[in-house]
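A.B. asks: take this sequence and fold it.
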Amino acid sequence: MEVKQIDERVYEIVCGTAHYREVNSKVKELVSRGAEKVILKDVCGQRYIGTGIREKVKIDLYGTAGNDLGIFLYGPEIEVFGNAQDGVGNTMREGKIVVRGHAGDVCGYGMRGGKVYIEGDVGYRVGIHMKGYKDLVPTFIVGGKAGNFFGEYMAGGILILLGLNRKPGEDIVGDYCATGMHGGVIFVRGEVPKRYLGKEVKVFELDSKDRELLTQELKGFSEAFSIPLDEILSEPFTKIVPVSARPYGRLYAHRWGIAAGLIK
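C.D. replies: Below you'll find the predicted structure:
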């Protein structure tokens, strides 16, 4: 691992095959010494980058980010010039993550605040258990397509799926979209066939407040990837919201009762 100072408060780390603990330790050390920007070059799947940092630092990452990029993120801004593996934004609370490529599964798990912008596609279970925290409202925007279980058990926040790279006739999302969803809202650019949706949600047309919220949230995505906002909004959006609270609450309670010997 090679470290060099680029400017007064800007540092560069060439990661290569360095262990993720070594990389993260060095990033935290530089931030504690007043670094305002840390550039990570030749990243090869190192995990947990950005974890445990509360300062408002910018982290530029070149390569492939490993699992749990920005897990428990509490303020930094991370920009990935490449792809990211699973768990982007896991349980993050504040800050922003921009991925100029694709991301893996279970991104945005339990996300409580902040913003995540993915330029390309994402895998399965993105937005699972996503929720707000007090006055925080998390936003996760996907520029491409999503796999199965998108928005599964979602309890709060905003999920936006754009499908900007899909071909004519290609599905924008996989099966079981919004299964178990009981809070928050999902906006999908285009139509979502009902056969892909969980039974706990319904599809509605956008009203004026929805359009205002959607436009406001998409401004950041538009600026991040230099995609005209008018182009993104050129196709109608579908709004998905839950129509029941804690849809599987009785099922969980019944299974717990059986396990505890209270129910036969």
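A.B. asks: so where is this structure shaky, pLDDT-wise?
C.D. replies: Low-confidence segments of the chain, defined by pLDDT under 70: 245-264.
A.B. asks: can we see that at 80?
C.D. replies: 193, 244-264 (pLDDT under 80).
A.B. asks: domain map for it?
C.D. replies: 1-101, 104-264 (automatic domain parsing).
A.B. asks: turn those domains into JSON lines, including mean neighbour count.
C.D. replies: For glycine as for every other residue, the C-beta is placed from the backbone atoms N, C-alpha and C. Listed next are the domains of the chain as JSON lines, based on neighbours: other Cβ atoms under 10 Å:
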{"stretch": "domain 1-101", "mean neighbour count": "19"}
{"stretch": "domain 104-264", "mean neighbour count": "18"}
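A.B. asks: so in this structure, which helix runs the longest?
C.D. replies: helix 208-225 (DSSP state H).
A.B. asks: what residues does that helix touch?
C.D. replies: 96, 98, 100, 115, 117, 119, 139, 141, 143, 158, 160, 162, 185, 187, 206, 227-229, 232-233, 237, 239 (Cβ atoms under 8 Å, 6 or more residues apart in numbering).
A.B. asks: now do the phi/psi pair for the residue sitting nearest the centre point of the chain.
C.D. replies: In the chain, the centroid-proximal residue (Cα atoms, centre = their mean) is residue 108; its distance is 3.9 Å. For residue 108, the backbone dihedrals (degrees, to the nearest 10) come out as phi 70, psi 20.
A.B. asks: narrow the contacts of helix 208-225 to those in helices?
C.D. replies: Using DSSP H, those in helices are 229, 232.
A.B. asks: show me what contacts the closest residue to residue 120 other than its chain neighbours?
C.D. replies: In this structure, residue 120 finds its nearest non-sequential neighbour in residue 102, 3.9 Å apart by Cβ to Cβ, 6 or more residues apart in numbering. Taking Cβ under 8 Å, 6+ apart, we find residue 102 in contact with 83-84, 118-122, 144.
A.B. asks: how about the longest helix of the chain as CSV, C-alpha atoms only?
C.D. replies: C-alpha atoms of helix 208-225 as CSV (Å, rounded to 0.1, in the frame of the first residue of the first chain):
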residue,chain,number,x,y,z
SER,A,208,-48.9,16.9,-7.6
LYS,A,209,-47.2,16.3,-4.3
ASP,A,210,-45.6,13.1,-5.6
ARG,A,211,-44.3,14.8,-8.7
GLU,A,212,-42.8,17.6,-6.6
LEU,A,213,-41.1,15.1,-4.3
LEU,A,214,-39.9,13.0,-7.2
THR,A,215,-38.5,16.0,-9.1
GLN,A,216,-36.7,17.2,-6.0
GLU,A,217,-35.1,13.9,-5.3
LEU,A,218,-34.1,13.3,-8.9
LYS,A,219,-32.2,16.6,-9.2
GLY,A,220,-29.3,15.2,-7.2
PHE,A,221,-29.1,12.1,-9.4
SER,A,222,-29.3,14.2,-12.5
GLU,A,223,-26.5,16.4,-11.4
ALA,A,224,-24.3,13.4,-10.2
PHE,A,225,-24.4,11.7,-13.6
